[in-house]
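Chemist: Need a 3D model of the sequence below.
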Amino acid sequence: MTFTAIDFETATAFHPCSVGIVTVENGIVVDEFVTLIQPPNNLYSPFTIQVHGIYPSDTIKAKNFLEVFPEIQKRLQNRVVVAHNESFDRNVLAKSMAYYGLDYTDLNIASRWECTLKIYKAKGIKPTKLSDCCKAMQIALNHHEALSDALACAQLYLLK
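Modeler: Numbering: from 1, shown residues only. Predicted coordinates:
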């Protein structure tokens with residue numbers, strides 16, 4: 001099992017304010033990466049702040065997506081990518097790349113990623129939020145903290 005699990009937290013719509021990435025080689029976590037990301041104009045929705053607890057004051061000095069992208073790229077390029085509710089995280093990545101004039105196809109990753117939500121829904125887990133799947137599988141989780149979510153997603157994928 002060799003793959004990369006990713007989780008974004010967003011400030012607004014598709015603009016990320018944090019990313020967590022976990023690299024797994026032959027079933028073993030070999031790299032963990034997490035960083036805050038300053039969204040455009042450092043703007044946040046009150047709803048997203050309520051979800052993850054990241055505030056504009058936390059990202060005022062953070063790098064923007066374009067500056068963080070090389071770290072993301074080196075961890076995702078040519079890899080199997082896994083996310084919980086993959087369409088959300090995939091769209092955050094694709095739309096953020098487009099916003100900064102980057103070509104998603106340069107990553108050479110699948111147009112649809114592996115999705116632990118769909119995998120565990122098919123196994124009969126209900127509801128299928130990340131926190132529910134982790135509870136069912138006895139995986140520790142600090143929900144809506146990007147690295148914790150990515151690690152939990154990786155563990156869920158390993159247990160599929």
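
Chemist: farthest residue from the center of this structure?
Modeler: Gly124 (23.5 Å; Cα atoms, centre = their mean).

Chemist: Tell me where the protein has strands.
Modeler: 3-12, 15-25, 28-36, 81-83, 114-115 (DSSP state E).

Chemist: Using JSON lines, lay out those together with mean neighbour count and distance to Pro70.
Modeler: Placement of C-beta: from N, CA and C, glycine included. Putting the strands of the chain into JSON lines (neighbours: other Cβ atoms under 10 Å; distance: least, Cβ to Cβ, whole Å) gives the following:
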{"stretch": "strand 3-12", "mean neighbour count": "24", "distance to Pro70": "15"}
{"stretch": "strand 15-25", "mean neighbour count": "23", "distance to Pro70": "12"}
{"stretch": "strand 28-36", "mean neighbour count": "15", "distance to Pro70": "11"}
{"stretch": "strand 81-83", "mean neighbour count": "25", "distance to Pro70": "17"}
{"stretch": "strand 114-115", "mean neighbour count": "20", "distance to Pro70": "24"}
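
Chemist: between these, which gets nearest to Glu71?
Modeler: In terms of Cβ to Cβ, the element of the strands of the chain nearest to Glu71 is strand 28-36, at 6.1 Å.

Chemist: quick one: average pLDDT of that closest one?
Modeler: Mean pLDDT, strand 28-36: 98.

Chemist: Just the residues contacting that strand, thanks.
Modeler: 17-24, 54, 58-59, 62-63, 68, 71, 75, 146-147, 150-151, 154 (Cβ atoms under 8 Å, 6 or more residues apart in numbering).
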